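1. Starting from these lines, generate the structure:
(chains A and B)
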Amino acid sequence: MYRYDQYDQQMVDTRVAEFRDQTRRRLDGHLSEDQFRPLRLMNGLYLQLHAYMLRVAVPYGTLSSAQMRMLGDIADKYDRGYGHFTTRQNIQYNWIKLEDAPDILADLASVEMHAIQTSGNCIRNISSDQYAGAAADELVDPRPYAELLRQWSSFHPEFLALPRKFKIAVIASETDRAAMLLHDIGIRIVRNDAGEIGAAFYVGGGMGRTPMIAPLIRDFVPLDQLITYAEACLRVYNRHGRRDNKYKARIKILVHEMGKAEYTRQVEAEFAHLLSQDIEPPLAELARIKAQFADPAYETGLADEIDLANPAFARWVASNTHAHKAPGYAIAVVSLKPVGGIPGDASADQIRLMADLARDYSFDELRVTHAQNIVYPHVRKADLFALWQKLNAAGLATANLDQIGDIIACPGLDYCSLANARSIPVAQKISERFAANGKAEDIGELKLKISGCINACGHHHAGHIGILGVDRKGTENYQLLLGGSEGADCSLGTITGPGFGEDGIVDAVEKATDVYLARRESGERFLDTYRRIGMQPFKEAIYAKESVDG
Amino acid sequence: MAEVQFRFRDDEPVADPAVTVDSFAAQSNAAAVRLEPGDDAALLIPHLERLRLVEVAFPVWTDGRGYSSARTLREAGYTGELRAVGDVLIDQLGQMRRCGFDSFAPEHELDADDAAASFARWDNVYQATGDGRKPIWALRHPA
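-> Down below sits the predicted model:
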């Protein structure tokens, strides 16, 4: 994986010094809270309902075991002994003191980490496929391109006061595991007819209040023009993105209102101009980065058989492992969604244990997924049982990946100052309901996503089943959506009808899954059945009057 | 009218008041113009020869359109004074310099020591922005 050189290290060290100075000026009153707010946001520090929240960047979701261990230590030292992995493949701490923040950033810098641009109206941490470099179906490892973009976007002086936040995802396979089409810029690394590698640019996707799927604006950008093209996309947005209304300020609104054709025309004109400005790093820089993402030293001659005599282990292998490109290896996923737990939360001890297991079983590497789970990208199949036993002993072997219990949920009203409703208790009740009724495994793949307000941090638009918490006359109310998908078959969910209370929404979800179980055809996932039979049968079941009490 | 507090040029400052983009187009002899955030800097490109001062207004520092205006002018070859005016704060000085600004007229006078620290903060930079600084990738791969 990528290691900092002297320059990268100096950049994060300088940032720590800068933020220490800014914090000093805030604490001694030279900076007003209004002036300080955007500066702390640029370093991932939010003021939430109860305390400061610090969001730490995990570029493209990749961590070494030393980095993961530090995340556990920070949870103990500065927070309440746990951290929360997010849908941006990052980690957040919810109980931070402002005066500690510079020290936390210094601790992070000591393991080549930072919180740069994890919030604020700037280019955010760049996300990628959590199976990058390991998946059997990828064209190339997308992370070197993400790293090139990380460096370009870090402290980019022209783009630090954008109309709104800006999220980029990079993938390199047909299967989209990073919700690429729901980003401000989604990049797919592709091969053209001439056999050359390049980048397809999709611009103007997003969730939030106005969900949109990003249209393709260019099908092939040569690799030695990648940064230049991204810069053109950003400049047109910075010039013309709306600033009169923060809810209409994302690039998706610009592309929609200006029209894809006109936006593309302006980007191409800017791109043609910028090509003369020599802003593109040489391909040698991409080669330098790529070398650091070389495959680990896989053993050869390994067997592919796994002893599945233990039924609990067999269930975990069936749901929580994924095909690896190297014979004898598997990708293993730790679900941070125990029954009745808080999605994405892990204790400091669990974080350190996951770090140790990465060192022992996965070439020292872990990934954070946008579904708030942790990945061991390179595990020998022969080691899976030992890994599972150790995870199981720490409560980390829940076998529910991509099932109904593997819920994405935002922090909701329990933590977030923007939320209208709680997300976590609903997630807990649903996972408990489906653990009790035993249907989860039979239902199979069902991506359920919960947001506590229309900002959609819980990706409810993209859930096979989505839940949106709203405030209805002072009480929490939950709307149900069906038919969303974040994948290559990207679609946005449709609201079923009137919302429900906290218990009613759990019943409604179960009724929807019962319709699926009754109507599915061979091999169909919940989403496939919904797409085939449409909303009506689900609606009828969900809103049917109970015969007992009329 | 805010005073120029920092200037990184040796030539004599232009005494003329800066005019709006509309008046500039009408006045064939104006040498100083003021760009509001919504103005298109590219409209000035045909007139760079006679321009000696461009003021770029930052009514609120969170409106970053002026950064793109500055780069558009520098990329087109403008070498005259490029002045950031308005809500210009300590923590934006460095990035403004990187986009081509070479004079600064903050609404409220800035602490001189904090400003000096801000200008000098970054020994190296990741991007090429036309300000003459070698980006880190160029240091890693000397031509």
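2. Distance of B:V60 relative to A:Q117?
-> Here the criterion is Cβ to Cβ, to the nearest Å. By it, B:V60 lies 20 Å from A:Q117. Just so you know, the C-beta spots here come from the backbone N, C-alpha and C atoms, and that holds for glycine as well.
3. Tell me which of these two has more neighbours.
-> Shown here are B:V60 and A:Q117; by other Cβ atoms under 10 Å in any protein chain shown, A:Q117 has more neighbours (27 against 11).
4. Let me know the secondary structure of that one.
-> coil (DSSP: H, G, I helix; E, B strand; the rest coil).
5. Now do the contacts for it.
-> By Cβ atoms under 8 Å, 6 or more residues apart in numbering or on different chains, A:Q117 lies in contact with A:M42, A:G44, A:A57, A:I123, A:R124, A:N125, A:S153, A:S154.
6. ok, of these, which one's closest to chain B?
-> Using Cβ to the nearest Cβ, A:S154 is the member of the contacts of A:Q117 that lies nearest chain B, at 5.5 Å.
7. Now do the contacts for that closest one.
-> By Cβ under 8 Å, 6+ apart, the contact set of A:S154 is A:M11, A:I116, A:Q117, B:Y126.
8. and the worst-scoring helix or strand of chain B on mean pLDDT, what does it pack onto?
-> Each helix and strand of chain B was given a mean pLDDT (mean pLDDT, DSSP states H and E); the minimum falls on helix B:21-26 at a mean of 88. Using 3 or more Cβ pairs under 8 Å, 6 or more residues apart in numbering or on different chains; DSSP states H and E, the elements in contact with helix B:21-26 are strand B:32-35.
9. Could I get the buried residue list for the strand it packs on?
-> B:A32, B:V33, B:R34, B:L35 (16 or more other Cβ atoms under 10 Å in any protein chain shown).
10. quick one: which of the residues you listed is nearest to B:L44?
-> The shortest approach to B:L44 among the buried residues of strand B:32-35 belongs to B:V33, at 6.6 Å (Cβ to Cβ).
11. Would you mind measuring from the closest residue to the closest one other than its chain neighbours to chain A?
-> Nearest-residue entry for B:V33: B:F24, 4.4 Å, with adjacent residues in sequence omitted and distances by Cβ to Cβ, 6 or more residues apart in numbering or on different chains. Distance of B:F24 to chain A, computed by Cβ to the nearest Cβ, to the nearest Å: 19 Å.
12. B:F24 reaches B:P46, doesn't it?
-> No. Between B:F24 and B:P46 there is no contact under Cβ atoms under 8 Å: 11.3 Å.
13. out of these two, which sits in the busier spot?
-> Using other Cβ under 10 Å as the criterion, B:F24 and B:P46 rank with B:F24 on top: 22 against 9.
14. Which residue does chain B have closest to chain A?
-> B:G64 (2.8 Å).
15. show me what contacts that residue?
-> Here B:G64 is in contact with A:N121, A:E158, A:F159, A:L160, A:A161, A:L162, A:N238 (criterion: Cβ under 8 Å, 6+ apart).
16. how would you label the first one: helix, strand or coil?
-> Translated: A:N121. coil.
17. Find the residue closest to it in space, skipping its chain neighbours.
-> A:L162 (4.7 Å).
18. Can you give me the neighbour number for that neighbour?
-> A:L162 has 27 nearby residues by other Cβ under 10 Å.
19. same thing with A:F220?
-> 15.
20. How about the one 3 residues further on?
-> When neighbours are defined as other Cβ under 10 Å, A:L223 has 17 of them.
21. Repeat that for the one 3 residues further on.
-> The criterion is other Cβ under 10 Å. On that basis, A:L226 has 23 neighbouring residues.
22. Might one say that it is in contact with A:A199?
-> Yes. At 5.5 Å, A:L226 counts as touching A:A199 under the criterion of Cβ under 8 Å.
23. Do you know the pLDDT at A:S547?
-> Listed pLDDT for A:S547 reads 50.
24. what secondary structure does A:R532 sit in?
-> Per three-state DSSP, the secondary structure class of A:R532 is helix.
25. ok, it - contacts?
-> Applying Cβ under 8 Å, 6+ apart, we find A:R532 in contact with A:E521, A:E524.
26. What's the separation between it and A:D402?
-> 20 Å.
27. which residues touch the residue in the stretch 451-550 of chain A positioned nearest to chain B?
-> Nearest residue of the stretch 451-550 of chain A to chain B: A:N455, at 19.1 Å (Cβ to the nearest Cβ). Listed by Cβ under 8 Å, 6+ apart, the contact partners of A:N455 are A:G208, A:R209, A:L418.
28. Strands of the stretch 101-250 of chain A, start to end?
-> Ranges of strands within the stretch 101-250 of chain A are A:127-128, A:168-171, A:185-191, A:197-203, A:216-222, based on DSSP state E, counting those that start in this stretch.
29. Any chance of TSV for these, columns distance to chain B and mean pLDDT?
-> TSV is the format used below for the strands of the stretch 101-250 of chain A (distance: least, Cβ to the nearest Cβ, whole Å; pLDDT from 0 to 100):
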stretch	distance to chain B	mean pLDDT
strand A:127-128	19	96
strand A:168-171	15	98
strand A:185-191	17	98
strand A:197-203	17	98
strand A:216-222	17	98
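30. Can I get those strands in CSV including distance to B:R52?
-> Formatted as CSV, these follow (distance: least, Cβ to Cβ, whole Å):
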stretch, distance to B:R52
strand A:127-128, 46
strand A:168-171, 39
strand A:185-191, 38
strand A:197-203, 38
strand A:216-222, 38
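31. For A:A135, find the nearest of those.
-> With distances scored as Cβ to Cβ, the stretch of those nearest to A:A135 is strand A:168-171 (10.0 Å).
32. Now do the buried residues in the closest one.
-> A:I168, A:A169, A:V170, A:I171.
33. My guess is the last one contacts A:R188. True?
-> Yes. Contact between A:I171 and A:R188 holds when scored by Cβ under 8 Å: they sit 5.5 Å apart.
34. Show me whatever sits in contact with both of those two.
-> Here A:I171 and A:R188 share the contacting residues A:M180, scored by Cβ under 8 Å, 6+ apart.
35. residue contacts, the residue nearest in space to the middle of chain B?
-> Most central in chain B under Cα atoms, centre = their mean is B:F101, positioned 2.5 Å from the mean C-alpha point. By Cβ under 8 Å, 6+ apart, the residues touching B:F101 are B:V56, B:A70, B:L82, B:R83, B:A84.
36. Is it part of a helix or strand, or is it coil?
-> Assignment for B:F101 (three-state DSSP): coil.
37. Any figure for the gap between it and B:R83?
-> 7 Å.
38. which residues do the two both contact?
-> Residues touching both B:F101 and B:R83 (Cβ under 8 Å, 6+ apart): B:V56.
39. Show me which residues of chain B sit near chain A.
-> Within chain B, the positions adjacent to chain A are B:37, B:40, B:61-65, B:67-68, B:71, B:75, B:89-92, B:94-96, B:98-99, B:111, B:114, B:117, B:121-130, B:135-137, B:139-141 by Cβ under 8 Å from any Cβ of the partner chain.
40. make it 6 Å
-> B:62-64, B:67-68, B:71, B:75, B:91, B:95, B:98-99, B:121, B:124, B:126-128, B:136-137, B:141 (Cβ under 6 Å from any Cβ of the partner chain).
41. Who are the contact partners of the residue minimising distance to the centre of chain A?
-> A centroid search over chain A (Cα atoms, centre = their mean) returns A:H370, at 2.6 Å, as the residue closest to the centre. A:H370 sits next to A:T87, A:Q89 when contact means Cβ atoms under 6 Å, 6 or more residues apart in numbering or on different chains.
42. mind checking the SS state of it?
-> Relying on three-state DSSP, one would call A:H370 coil.
43. List of residues touching the lengthiest helix in chain A?
-> Ranked by residue count, the top helix of chain A under DSSP state H comes out as helix A:6-27. Under the contact criterion Cβ under 6 Å, 6+ apart, helix A:6-27 has outside partners A:31, A:36, A:39, A:43, A:102, A:105-106, A:109, A:114, A:116, B:121, B:124, B:136.
44. Cool, thanks, talk later.
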